[in-house]
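Visitor: sequence first, then the predicted structure, then my questions.
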Amino acid sequence: MRVSGTDELERTSDVDSLPPQSTDDVLRESERGFQRLLETMQLPAMILGHGATILFANDYLAQLLGYPRDHIQSMTLYDLVSVRDRTGAAREFTDRLRRCDIDHQFEVELQTSRGDERIVTWNSTILQDASGHGVAVVSIGIDVTDQRDEAAQRLHEALHDGLTGLPNRSLFLERLETAMGRAQRHERYRYSVLFVDLDRFKVINDSLGHRMGDRLLMEASRVLRECVEPQDTVARLGGDEFAIVLDDLPDEDYPRRVAERIHDAFATPIALENNDAFTTASIGIALGSRSYDAPEDVLRDADNAMNRAKAKGKARYEIFDPSMHKKAVATLHLETDLRRALERNELFLVYQPIVSMRDRSVVGFEALVRWQHPTRGLVSPVEFIPMAEETGLIVPIGLWVLREACRQIAEWTSTSPEPLYVSVNLSSRQLSVPTLVSDVMSVLEEFRLSPNRLKLEITESGLMENTESAAQILRKLRQAGILISIDDFGTGYSSLSYLMRFPIDTLKIDRSFVKAMTSTESGNDTLELIRAIVTLARNLGMEVVAEGVETEDQRIRLEALGCQLAQGYLFAPPLSVEKAVVVMENRRVPESRRG
Ligand code: C2E
Ligand code: MG
Ligand code: MG
């Protein structure tokens with residue numbers, strides 16, 4: 001406050017001691033006093049004339065805005081309004097003043113000469129001429145910037161993840177709702193939600209510690225941000241789960257491309273202090289459609305698709321289709337039932353003969369599991385084995401199948417000297433059970449079965465999943481004398497040289513090749529492929545079994561290619577124990593048997 005002002009106030013403080021004056025004098029003096037008050041008050045003050053020209057600005061306002069007073073007094077209010085004042089508050093302010101409507105407080109964001117903004121709330125009064133027309137407006141303001149900043153900070157904290165600074169679930173759902181609203185209003189607007197789950201986060205967190213886990217999450221969020229456009233929202237839902245709203249898709253295929261971009265980005269290791277960490281992401285994509293009511297539903301569907309991506313072997317993406325939801329619900333029920341299936345003896349095995357194509361003699365059986373569901377009837381392993389793999393139930397189920405198959409083959413052949421083998425399917429999940437080898441050995445011992453009567457079938461894709469440990473375990477099993485067979489061969493896209501690292505006795509050519517062989521389109525290529533496989537197998541001392549042989553035509557062609565063994569409806573379907581016993585005793589499948 002300026003010294004003169006203080007003097008002034010002091011002089012006029014004792015009203016009673018003032019000498020009597022005329023009314024005009026008093027008014028004139030009050031005008032001057034009012035002006036002094038405006039000039040000296042510790043609040044921003046201004047007088048606006050027509051067109052929002054600033055007739056007067058006090059020192060406080062000048063300092064607040066960082067301009068000399070006379071400079072401000074040559075400007076209009078519009079010149080001072082921040083470019084960010086998108087709400088048009090200043091315009092509304094002056095509009096209302098023009099209409100003499102000044103009941104409201106007005107908040108205006110002003111731009112300072114330093115480049116920052118101040119938010120000022122103004123209280124105003126209108127100055128009228130003798131005829132009652134408004135000629136100017138006096139406004140006194142309060143600088144509320146700091147208050148607003150704090151509130152904004154609190155709001156920010158409530159809507160963002162503390163670790164990564166990304167929007168949290170609430171803000172994510174809000175943004176998603178905005179996108180859904182736009183989709184309702186604009187025919188051509190499209191959005192999509194990606195649900196991203198880091199695949200190995202738990203392992204990294206547990207092995208390297210939480211500090212590294214946090215670093216990884218921060219790095220991962222940076223990577224995700226870099227994979228999308230500025231208008232897209234990347235949020236952390238919690239743990240290692242992230243979600244993305246892709247806004248205004250350029251085309252339908254865009255979400256896939258973003259998913260691929262994310263996979264590519266994660267292919268580079270993330271540097272964490274002394275360690276490089278590799279992580280991959282499983283991604284579920286939900287394409288926004290107008291049929292969605294709630295943002296939670298879109299997120300749920302993306303989550304569902306992500307779970308499918310995980311189940312299909314991680315580091316991949318899946319696009320949600322509506323049948324997935326129904327399926328997810330059905331799966332949930334079936335899963336509960338499957339847990340009880342073992343205790344309730346609802347599982348049983350059927351046996352499909354593996355035969356020599358030349359004379360239909362039997363060399364072994366493949367044990368195939370079946371589930372007699374109490375209400376649904378017979379459930380195919382195609383349906384419940386993947387589920388068992390997802391839930392881990394494959395471990396006890398697999399062990400049960402192994403025991404049951406070994407028990408059966410031991411019983412059948414206890415009196416026979418001929419070494420028939422039984423083939424048992426092994427899921428890749430089972431390969432990571434540390435006790436697998438000893439489990440297998442003790443089953444063999446229990447039924448006094450020689451190891452070369454057991455063949456373990458593992459799919460080519462299963463083998464590719466965890467190659468290092470798989471190779472080790474297969475080697476141990478092979479050393480123990482157990483036979484190893486590669487199932488569904490040709491579908492896993494592994495290079496042949498790669499396969500040679502594994503100790504393999506048998507290749508089972510996938511039935512899709514056997515089928516394609518007699519098709520007109522790809523028939524010749526497939527023939528050549530099968531020829532190559534048979535030649536390779538022979539050179540490596542492996543046996544080849546053609547799967548899914550259904551016709552005489554197929555049999556003839558396969559035999560001509562040098563393939564000697566087959567499994568398929570042409571010879572016998574999977575048989576019940578009773579029927580298999582007959583085949584066992586004859587060592588041959590009957591001539592007439594078809595599908
Ligand atoms: P897979 O091991 O490749 O078994 C061969 C499948 O082909 C069997 O289906 C069999 O019934 C079918 N098949 C046999 N001959 C023909 C034919 O001529 N034409 C056609 N179209 N199909 C034929 P299934 O029994 O439904 O088993 C399907 C898959 O389920 C198996 O494929 C295997 O991957 C899995 N599976 C079955 N039992 C078990 C098990 O005990 N453990 C594990 N881990 N997986 C199992
Ligand atoms: Mg098999
Ligand atoms: Mg197969």
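Guide: Yep, that arrived. Ligands and ions are numbered 1, 2, ... in the order given.

Visitor: surely Gln564 meets Met357?
Guide: Yes. Using C-beta atoms under 8 Å, Gln564 makes contact with Met357 at a distance of 6.1 Å. All C-beta atoms are positioned from the backbone trio N, CA, C, and that covers glycine.

Visitor: so for the two, which sits in the more crowded spot?
Guide: Under the neighbour definition other C-beta atoms under 10 Å, Gln564 and Met357 were set side by side, and Met357 has more, 21 against 18.

Visitor: what distance do you get for that one to Glu418?
Guide: As judged by C-beta to C-beta, to the nearest Å, Met357 and Glu418 stand 19 Å apart.

Visitor: what backbone torsions are found at whichever residue of the stretch 51-200 of the chain sits closest to ligand 2?
Guide: When C-beta to the ion is the measure, the stretch 51-200 of the chain has its nearest residue to ligand 2 at Asp199, with 27.4 Å between them. Its backbone dihedrals place Asp199 at phi -80, psi -40, with angles given as degrees, to the nearest 10.

Visitor: give the contact list for it.
Guide: Applying C-beta atoms under 8 Å, 6 or more residues apart in numbering, one finds that Asp199 lies in contact with 279-282, 310, 314-315.

Visitor: quick one: average confidence on the host helix or strand of Ile119?
Guide: Under the criterion DSSP states H and E, the helix or strand holding Ile119 is strand 117-128. Looking at strand 117-128 alone, the average pLDDT works out to 87.

Visitor: roughly how far is it from the heart of the chain?
Guide: When C-alpha coordinates are averaged (C-alpha atoms, centre = their mean, to the nearest Å), strand 117-128 and its chain have centres 50 Å apart.

Visitor: list of residues touching it?
Guide: Contact partners of strand 117-128, identified using C-beta under 8 Å, 6+ apart, comprise 44, 47, 64-65, 82, 84, 93, 97, 100, 102, 105-112, 134-145, 148.

Visitor: cool, and stretch 203-219?
Guide: 163-164, 198, 201, 236, 240, 270-273, 275, 277, 279.

Visitor: mind checking how far Gly548 is from ligand 2?
Guide: According to C-beta to the ion, to the nearest Å, Gly548 stands 11 Å off from ligand 2.

Visitor: got the confidence number for the closest residue to that residue other than its chain neighbours?
Guide: Once flanking residues are discounted, Gly548 sits nearest to Arg511: 2.5 Å by C-beta to C-beta, 6 or more residues apart in numbering. We note a pLDDT of 92 for Arg511 in this prediction.

Visitor: run a quick neighbour tally on Arg511.
Guide: Other residues within reach of Arg511, judged by other C-beta under 10 Å, total 19.

Visitor: residues contacting it?
Guide: If you count contacts by C-beta under 8 Å, 6+ apart, then Arg511 has 546-549, 568 around it.

Visitor: from Ala259, how far off is it?
Guide: For Arg511, the distance to Ala259 (C-beta to C-beta) stands at 31 Å.

Visitor: for Ser414, same thing?
Guide: When C-beta to C-beta is the yardstick, Ser414 and Ala259 sit 55 Å from each other.

Visitor: these two: which is more packed in?
Guide: A side-by-side neighbour count of Ser414 and Ala259, using other C-beta under 10 Å, places Ala259 first with 25 against 10.

Visitor: you'd agree the more buried one is up against Tyr317?
Guide: Yes. The criterion here is C-beta under 8 Å, and Ala259 meets it with Tyr317 at 3.9 Å.

Visitor: mutual contacts of these two, please.
Guide: Taking C-beta under 8 Å, 6+ apart as the contact criterion, the residues that touch both Ala259 and Tyr317 are 283, 285.

Visitor: okay, now the unreliable bits of the stretch 401-550 of the chain?
Guide: The stretch 401-550 of the chain contains residues with pLDDT under 70 at 415-417, 466, 492-498.

Visitor: try it again with 80
Guide: Counting by pLDDT under 80, the stretch 401-550 of the chain contains low-confidence ranges at 413-419, 461, 464-469, 490-501, 519-523.

Visitor: spell out which residues of it are next to ligand 3.
Guide: Counting by C-beta under 5 Å from the ion, the residues of the stretch 401-550 of the chain lying close to ligand 3 are 487-488, 547.

Visitor: as TSV, the residues you listed with distance to Ala388, secondary structure and neighbour count would be great.
Guide: Formatted as TSV, those follow (distance: C-beta to C-beta, whole Å; DSSP: H, G, I helix; E, B strand; the rest coil; neighbours: other C-beta atoms under 10 Å):
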residue	distance to Ala388	secondary structure	neighbour count
Asp487	16	strand	24
Asp488	18	strand	19
Glu547	22	strand	22
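
Visitor: and the residue of the stretch 151-300 of the chain nearest ligand 3?
Guide: In the stretch 151-300 of the chain, the residue that lies nearest ligand 3 is Ser282 (26.0 Å; C-beta to the ion).
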